[in-house]
Structure formats: structure tokens, C-alpha cells
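**Q** Provide a 3D model corresponding to the input given below.
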Amino acid sequence: MTRLSELGESHVLERILSHNRSGSQVIIGPGDDAAVTAVDGNLVSTADMLVENEDFTRAWLDWGRLGIKAAAQNLSDVCVMGARPHGLLVSLAVPNSTEIEDLEALFAGIVAEAGRAGEELGCEIPIIGGDLSSSGLIVIAITALGTVADHAAITRSGARTGDSIYLAGTIGRAAAGLDLLFAGVDGNAGNDGNAGDARNDPQLDESLTTLITTQLAPQPDYAAVLNMGAASAMIDVSDGLSTDLGRIASASGVHARIDRASLQELIDELLPAARHLVGAIEGAESDGVTAQSAAEAEELALTWVLNGGEDHGFVASSAQFDTPPVGWRRIGEMRVGNGVSLDGAPVPTSGFSHFGK
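**A** Residues are numbered from 1 along each chain as shown. Predicted coordinates:
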């Protein structure tokens, strides 16, 4: 293993850029003072960061998965605007003691997720530039660029009273995975059949580790955005359904009413993890599951679905379809008023927020 301090910046860049894929839109790529690309349409820009001890910890650091996550959270923001990704600017700050193989794994993860998104969306998404620096903590900052035709960008402010609310992808899985990691469940348990303290139940192990994988390396359903076609409003669910749907409602001046029954399938998928965390597994082994523990598990799973972010599912409002587009499910309706409700009961905004508000 070779540390970055043994190589120097030029050799580090040479190693990590060897994983990059170019694109036909790139006129001048990495290696010059700035990149030059051919843009077809209006430019869409977004930026996001992953900061050690704020967004992830060394305790469960997987460099390849971290690269996937960093790319996914940026590409999903471009897609949800109705744009096609155009390229990525990747800036990294890492300790001098970082091993080059780890940094290559990170970069390969970014490239792999960009490639997966490109395949689903029918476009090339190269890394066109960035920056590299040393730091006491790991910081990954990506700027994603995309293109969209005139007047075709989808915003948060276009939802109308009477629109149906649709969801693509998953919600709640990454939040469940995060709670499992904090509880000490091994995210690599699927490789050896032992999920930390998960009672060595292979079926349970898989149900837990798949949720952890969603937290560490989310897989947005980029193609679903293309299938939706014309939406009146859309948002990436990165901070939780209650928060992000609330942002659409606030920007559009409408009330978002969620039908709880439409979320039940998502809730049921999370119940094994919820039961594990509320201690219902021990009860199940001795035929002692109580009504209270079952209710607590159901409530925890519902909380993950309503408030958990980082799956990077998509929520859109649109005139109702007879049959939802491929990859989408109807979960509610926009009505007169403001805020978000679940079967008519107000839902407080409880998703993720930096600085605690």
C-alpha cells in the first residue's frame, strides 16, 4: 500500500484519473487550467458535499461505496430538474496518510455510478475536472452539471391543487440502515453470514445488510424520471419525505395529503430491521412478541419512511395517470391549503437538516 505523501500530487492525479471515462461533449478535459465542454441547452448546476464525521464515519468507511454515494446524491439533483447530466467536477480533500488504493476506489465508485446513471438516461457523464487537497478530515465536494431545453426545467413550485403525488424508488431504507450501523450491525455481514448481533439468522442478516447498503451506496432510479414525462413539480427525497414533500407544498402554495395505505409496502419491508432494533427478535424466539413491541416496530418503520432521507427516491406531482408510469406509485394528492398530512393528520417536518433546524 502506498500513501499519498509518498507519491505527490501529480502522481496521485495520474493514478485516479486513469479510471475516468471521457465523453463526446468534452473538448478539453482534466489536465488544463479549466475544462471546456460543448453544451446543448440550458446549463443546470448543483453541488453537494460529504464531510467526515458529519455525513459518514471511519467506523464503516468503504471508499468505493462512498464514491457511489457522492455521485448519486449529485446526479439525482440534476435528474429531478428534468435535465440530462453533462459532467462532474470532483474536489477531494483527504489526509496525507490516505493510501492511493483507497482514493482510487473512491474515484472508481464515482465513475461507476456516473456510468450507471448514463446507461439509464442515455448519456455520457464524464468527470471533467476538479481539485485535490490535503486535510485532517475526508471531504468530497462534487458539482454536477446538466442540460435542459428552454422552459423544460422541473421545479418545486409547479404543483397544482388536484395533482396526484407520485413516488419513484424507495424511501426509509437508508435511514433504517443508518440506525442499524449505529446499533453495531455489521454492514458487511452478507459476506460471512454474521450480522453483528443479529442472532446469526441468514434471512435476517440479508434484510439488514441490504438496508445498510442503501445507506452506504444508494441506487437512485434515474430512468424513472424519464418515464414520468411531464411533471408539474419534482424533488429528490434526500432529507425525508415529510421535509421534501413539504418543500414542494410550500413552494407551490398547496397542501400535500399522503395516503398511509400507499406506504404500507415500504413500511413492511422495514419491519424486520425495526423489530430487531426494538428488541422484538428475542420475543419472537420465545413466542413472546408483545402488542407493544409490534406497535413500536411499526411506528419506527413508519418514521423511517416519512422522515428518512438518502435513498434518493423521487417525488413528483402530476395530473393523475390511469396507470402510473413505470417505476412510480401514487401516494397522495395535492389539495387546497398548506403543509403535509398523513390520512388528514398533520405531519411535522422532521427530516434531516444541517445545524439542527
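
**Q** the strands in the stretch 201-350 of the chain, which residues?
**A** 233-237, 255-258, 313-318, 328-335, 340-342, 345-346 (DSSP state E, counting those that start in this stretch).

**Q** how about these in CSV, adding mean neighbour count, mean pLDDT and distance to residue 112?
**A** Backbone N, C-alpha and C define where each C-beta goes, glycine included. CSV is the format used below for these (neighbours: other CB atoms under 10 Å; pLDDT from 0 to 100; distance: least, CB to CB, whole Å):
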stretch, mean neighbour count, mean pLDDT, distance to residue 112
strand 233-237, 26, 98, 20
strand 255-258, 24, 98, 34
strand 313-318, 26, 98, 20
strand 328-335, 20, 98, 26
strand 340-342, 20, 97, 35
strand 345-346, 9, 96, 42
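
**Q** Residue 125 and residue 90 touch, don't they?
**A** No: the pair residue 125 and residue 90 fails to qualify as a contact (CB atoms under 8 Å) at a distance of 11.7 Å.

**Q** The strand or helix carrying residue 142 pairs with which strands?
**A** Assigned by DSSP states H and E, residue 142 falls within strand 139-148. Sheet pairing here is set by DSSP bridges, and for strand 139-148 it gives strand 42-51 (antiparallel), strand 84-94 (antiparallel).

**Q** which one of these has the most crowded surroundings?
**A** Mean neighbour count (mean count of other CB atoms under 10 Å) peaks for strand 84-94 among the strands paired with strand 139-148, with a mean of 23.

**Q** and it, how far out from the chain's middle?
**A** 16 Å (CA atoms, centre = their mean, to the nearest Å).

**Q** quick one, phi/psi of residue 103?
**A** Main-chain torsions, residue 103, degrees, to the nearest 10: phi -70, psi -40.

**Q** Report pLDDT for it.
**A** You'll see residue 103 listed with a pLDDT of 95.

**Q** Report the separation between it and residue 274.
**A** 37 Å (CB to CB, to the nearest Å).

**Q** do the same with residue 222
**A** Residue 222 is 29 Å from residue 274, by CB to CB.

**Q** cool, residue 172 as well?
**A** For residue 172, the distance to residue 274 equals 10 Å [CB to CB].

**Q** any shared contact partners between the two?
**A** The contact sets of residue 172 and residue 274 overlap at 301, 304 (CB atoms under 8 Å, 6 or more residues apart in numbering).

**Q** coming back round to it: relative to the whole chain's centre, how far out is the strand holding residue 142?
**A** Strand 139-148 has its C-alpha centroid displaced from the chain centroid by 14 Å (CA atoms, centre = their mean).

**Q** could you point out which element follows it?
**A** Using DSSP H and E, the helix or strand that follows strand 139-148 towards the C-terminus is strand 164-168.

**Q** so what does that following strand touch, helix or strand wise?
**A** Packing contacts for strand 164-168, counted by 3 or more CB pairs under 8 Å, 6 or more residues apart in numbering; DSSP states H and E, involve helix 222-228, strand 313-318, strand 328-335.

**Q** Out of those, flag the one nearest residue 52.
**A** strand 313-318 (25.5 Å; CB to CB).

**Q** In terms of neighbours, single out the busier of residue 103 and residue 274.
**A** Higher neighbour count among residue 103 and residue 274: residue 274, with 24 against 21, using other CB atoms under 10 Å.

**Q** Against residue 216, how distant is the more buried one?
**A** In this view, residue 274 and residue 216 are 19 Å apart by CB to CB.

**Q** what ranges do the strands span in the stretch 1-150 of the chain?
**A** With DSSP E, counting those that start in this stretch as the criterion, the stretch 1-150 of the chain has strands spanning 26-28, 36-37, 42-51, 84-94, 127-134, 139-148.

**Q** between those strands, which one is nearest to residue 301?
**A** strand 42-51 (26.4 Å).

**Q** Report the distance from that closest one to the chain centre.
**A** 14 Å.

**Q** can you give me the angle it makes with strand 233-237?
**A** Orientation check (axes from the mean of the first three to the mean of the last three CA atoms, to 10 degrees): strand 42-51 against strand 233-237 gives 20 degrees.

**Q** Give me the average confidence score over strand 42-51.
**A** Strand 42-51 comes out with an average pLDDT of 97.

**Q** next one: stretch 67-86
**A** 97.

**Q** What of stretch 131-144?
**A** The pLDDT scores in stretch 131-144 average 96.

**Q** Just the buried residues of that stretch, please?
**A** Under the neighbour-count criterion of 16 or more other CB atoms under 10 Å, stretch 131-144 has 138-144 buried.

**Q** got a list of contacts for that stretch?
**A** Stretch 131-144 has contacts (CB under 8 Å, 6+ apart) with 4, 9, 12-13, 45-53, 61, 66-67, 70-71, 74-75, 77-78, 85, 87-96, 98, 106, 110.

**Q** coming back round to it: what's the angle from the strand holding residue 142 to strand 127-134?
**A** Using the same axes, to 10 degrees: strand 139-148 against strand 127-134 is 160 degrees.

**Q** Tell me, how many residues neighbour residue 271?
**A** Using other CB under 10 Å: residue 271 sits among 17 other residues.

**Q** neighbours around the residue lying closest to it once chain neighbours are set aside, how many?
**A** Distance criterion CB to CB, 6 or more residues apart in numbering; nearest residue to residue 271, sequence neighbours excluded, is residue 301 at 5.4 Å. Residue 301: 28 surrounding residues under other CB under 10 Å.

**Q** Could you do residue 298 as well?
**A** 18.

**Q** how close does residue 186 sit to residue 247?
**A** 35 Å.

**Q** whoops, I mixed them up, residue 225
**A** In this structure, residue 225 and residue 247 are 18 Å apart, going by CB to CB.
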